[in-house]
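the following block contains a protein sequence and its predicted model.
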Amino acid sequence: MKTILQALCLLCFFLGTTAILPAQAAGDERAKIEALISHIEGLDSASFIRNGKDYSAANAGKFLRAKWGRDDKEVKTAAEFIAKVATASGTTGKPYVIRFKDGKETPCGEYLTAQLKK
């Protein structure tokens, strides 16, 4: 009887632990996505080019956050956020670009992927 009770307790512990892990991972990934968006918003001297039009870093952050909100069910990780939300326009397919103060342009997806690896 004692062995069965111990086995049941152990099973409940493992089931409870595995039920918690995905929520923690989702929270960690959400935090990474928020950090990427905040990073974009902090690029004060850069502009965000979407479909050929320049936007401020603050507007880019608002846009990415809103687009992520619409695609939230399809985006589970920061890498998926970059690939599905922050790389290209869903309407035109044109890549998003970040133009820095010195005039250098970098595809947003590549830039955020590098930031994620830091």
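Everything's here; your move.

all strands in this protein, in order from the N-terminus.
Taking DSSP state E, the strands of the chain run over residues 47-50, 53-56, 97-99, 105-107.

which of these sits most buried?
Highest mean neighbour count of those: strand 47-50, a mean of 21 (counted as mean count of other C-beta atoms under 10 Å). To be clear about C-beta, it is placed using only N, CA and C from the backbone, and glycine gets the same treatment.

Provide the strand pairings for it, with the direction of each partner.
Using DSSP bridges, strand 47-50 pairs in its sheet with strand 53-56 (antiparallel), strand 97-99 (antiparallel).

Serialize these to CSV and add fields for distance to Q115.
Listed next are these as CSV, based on distance: least, C-beta to C-beta, whole Å:
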stretch, distance to Q115
strand 53-56, 19
strand 97-99, 11
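
among the ones you listed, which is nearest K118?
Nearest to K118, of all the strands paired with strand 47-50, is strand 97-99, at 15.8 Å by C-beta to C-beta.

contact partners of that closest one?
Contact with strand 97-99 is made by 40, 43, 46-49, 54, 105-108, 111, as judged by C-beta atoms under 8 Å, 6 or more residues apart in numbering.
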